[in-house]
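Participant: Everything below, folded, please.
(one chain, ligands or ions: 1)
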Amino acid sequence: MAVLTPTVTLDQEINPWEAQSARFEFAARKLNLDEGLWKVLSSPSREVIVHFPVTMDDGRIEMFTGYRVQHSQARGPAKGGIRYSPDCTLDEVRALASWMTWKCAVVNIPFGGAKGGVICDPKKMTITELERMTRRYTAEIIEFIGPEKDVPAPDMNTNEQTMAWIMDTYSMHMRQTVTSVVTGKPLSLGGSRGRTEATGRGVMVACDESLRYLKMPIEGCRVIIQGFGNVGSNAARLMMEHGYKVIGIAEKDGGLFNPNGIDIHQLLEYKYRHNTLLGFRGAEAMPSEELILSECEILVPAAMENVITSRNAEKIKARILVEGANGPTTAVADEILAEKRIFVVPDILANAGGVTASYFEWVQDRQGYFWKEAIVNEQLETILRDSFDDVVRYAEAHNVNNRIAAYMLAIDRVAHTIKQRGLYA
Ligand code: NAD
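Facilitator: Numbering: from 1, shown residues only. I've put the predicted structure just below:
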């Protein structure tokens, strides 16, 4: 297989926009993508940067910078989260916006891709400051968002309360309640049943399908999960209930290991009471960096970007890698994993359960009719199983790995839509 990336520095390796571009270019070349469409798809269609003031609790005025990047609206309204982080950059938001385009196309839902962010440190802000900042940011980008334009959702350091404030601000300007302007809302404000655990459920489906494809049993299948937040903890619980043996959980402040399997129900209760995993008696403590390199059948990075790089990919011992997080593996690490014949379920497929349930939320809000949780879960699982099948068949047909297959499938779908629509003017 051709080499994906030339020699790069670690800084370039972990730049998310570079990582996205490397995969895009490789997949586009394999697809023989028309040169014009290549140009259209290799950059975002709109990048909004806003600088805006917020009055802090002590009366001081602070200026904040926010972004909203829309990569594509070819297949439907742009869709993607908003993150609050001191390290948020335009390159990161750009990369995440384009990943959303590819992710929505892989699972074939009628959305394009977007992402937003505000540079701030939410841990140092009060709830009233966060509310004022959220409302002003919403007002600054208001003409670019909307149920038919661009539908935000929670991401790092934003949650259902943030979405409720955005929905309320938007509704005040529109002079009517518009619940479908955001997803990831509280249930009482038009949220969907099953949304909270949807990404973790999707990760489990990706694991089930990988085992089925590789003809490996669930019984005795050892799993290590990095991150015990929304994605990691829900995946861990659902997988334990489904018969997997979750032998390791790696968190920011340390890891836990038990070769006989960790009782995730007990661990969730422990975390709820102590706000940490440290000191849990049902497993031994182990440094997180060591834990993710331990022997297992499935490794699920479900914490953050750039966890598997040229520095550690060689040492990964898992047979299957299921990417719960966005961008956990760099393009350079991809090549090392491919040489080791590790079966990778890429992020744009493995964590697409979240955006798929968000699509259901948007549909329910527009219908004004809310589905039972069993219906949400059943529809979610059907879409994800079909998408897994599409990706592995594409990989076989084109003799590429699953990540490149997922990109090729997505780029092909988006390019086809653009061709059918034609270019205006
Ligand atoms: P979260 O904040 O709920 O959880 C992240 C967890 O990872 C936290 O418990 C945190 O302590 C832990 N963590 C942070 N740094 C770590 C480190 N260095 N080592 C080990 N653990 C570490 O976030 P989340 O919603 O679970 O999202 C996790 C990842 O999944 C992100 O990449 C996010 O973009 C992606 N994702 C989330 C969703 C969703 O629906 N929540 C959907 C798609 C993708």
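Participant: My guess is Asn108 contacts Ser387. True?
Facilitator: Yes: with contact defined as Cβ atoms under 8 Å, Asn108 reaches Ser387; the gap is 6.9 Å. Any C-beta I mention is one placed from the backbone N, CA and C, and that applies to glycine too.
Participant: what about the two, which has more around it?
Facilitator: Higher neighbour count among Asn108 and Ser387: Ser387, with 26 against 15, using other Cβ atoms under 10 Å.
Participant: So the strand or helix carrying the more buried one, near the ligand or not?
Facilitator: Assigned by DSSP states H and E, Ser387 belongs to helix 373-398. No: using Cβ under 6 Å from any ligand atom, helix 373-398 stays clear of the ligand, coming no nearer than 12.1 Å.
Participant: What is the neighbour count of the residue nearest to Ser42 when sequence neighbours are not counted?
Facilitator: Nearest non-adjacent residue to Ser42, counting by Cβ to Cβ, 6 or more residues apart in numbering: Phe24, 6.3 Å away. A count of nearby residues for Phe24, using other Cβ under 10 Å, gives 19.
Participant: which residues touch Phe24?
Facilitator: Residues near Phe24 by Cβ atoms under 8 Å, 6 or more residues apart in numbering: Leu41, Ser42, Ser98, Tyr407, Ile411.
Participant: Looking at these, which one is closest to Ala357?
Facilitator: Of all the contacts of Phe24, the one with the least separation from Ala357 (Cβ to Cβ) is Ser98, at 21.3 Å.
Participant: where does the closest one land in three-state SS?
Facilitator: With DSSP: H, G, I helix; E, B strand; the rest coil as the basis, Ser98 sits in helix.
Participant: That one contacts Ala19, doesn't it?
Facilitator: No: Ser98 lies out of contact with Ala19 (Cβ under 8 Å); the separation is 10.5 Å.
Participant: what's the pLDDT at whichever residue of the stretch 201-350 of the chain sits closest to the ligand?
Facilitator: Evaluated by Cβ to the nearest ligand atom, the stretch 201-350 of the chain has Gly229 as its residue closest to the ligand, separated by 1.7 Å. Looking at Gly229, its pLDDT stands at 94.
Participant: Ok, Trp17 next?
Facilitator: Value listed for Trp17 in the pLDDT field: 89.
Participant: right, is stretch 348-357 up against the ligand?
Facilitator: Yes: applying Cβ under 6 Å from any ligand atom, one finds stretch 348-357 in contact with the ligand at Asn351, Gly354.
Participant: how about that stretch: buried residues?
Facilitator: Applying a neighbour-count criterion of 16 or more other Cβ atoms under 10 Å, the buried positions in stretch 348-357 are Ile348, Leu349, Ala350, Asn351, Ala352, Gly353, Gly354, Val355, Thr356, Ala357.
Participant: what do you get for stretch 38-56?
Facilitator: For stretch 38-56, by 16+ other Cβ under 10 Å, it's Trp38, Val40, Leu41, Pro44, Ser45, Val48, Phe52, Val54.
Participant: Kindly report the same for stretch 333-352.
Facilitator: 333-338, 342-352.
Participant: With stretch 249-268 instead?
Facilitator: Neighbour counts over stretch 249-268 (16+ other Cβ under 10 Å) mark 249-251, 254-258, 261-264, 267 as buried.
Participant: I'd like the residues you listed laid out as CSV, including pLDDT, distance to the ligand and secondary structure.
Facilitator: Output for those, formatted as CSV (pLDDT from 0 to 100; distance: Cβ to the nearest ligand atom, whole Å; DSSP: H, G, I helix; E, B strand; the rest coil):
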residue, pLDDT, distance to the ligand, secondary structure
Ile249, 98, 9, strand
Ala250, 98, 5, strand
Glu251, 97, 5, strand
Gly254, 96, 9, strand
Gly255, 98, 8, strand
Leu256, 98, 11, strand
Phe257, 98, 14, strand
Asn258, 98, 17, coil
Gly261, 98, 20, coil
Ile262, 98, 15, coil
Asp263, 98, 18, coil
Ile264, 98, 14, helix
Leu267, 98, 12, helix
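Participant: what's the most distant pair in those?
Facilitator: Gly254 and Gly261, at 18.9 Å, using Cβ to Cβ across the buried residues of stretch 249-268.
Participant: before we move on, the earlier item: quick one: mark the members of the buried residues of stretch 333-352 that sit in helices.
Facilitator: Under the assignment DSSP state H, the buried residues of stretch 333-352 contribute Ala333, Asp334, Glu335, Ile336, Leu337, Ala338, Asp347, Ile348, Leu349, Ala350 to helices.
Participant: Now do the same for Thr199: its pLDDT.
Facilitator: At Thr199, the model reports a pLDDT of 97.
Participant: what does the one 4 residues further on give?
Facilitator: At Val203, the predicted lDDT confidence score is 98.
Participant: Same check on Asp334?
Facilitator: Per-residue pLDDT puts Asp334 at 94.
Participant: isn't Ser72 right up against Val414?
Facilitator: Yes: Ser72 is within contact range of Val414, at 6.2 Å (criterion: Cβ under 8 Å).
Participant: quick one: which of the buried residues of stretch 38-56 is nearest the ligand?
Facilitator: Nearest member of the buried residues of stretch 38-56 to the ligand, counting by Cβ to the nearest ligand atom, is Pro44, at 18.1 Å.
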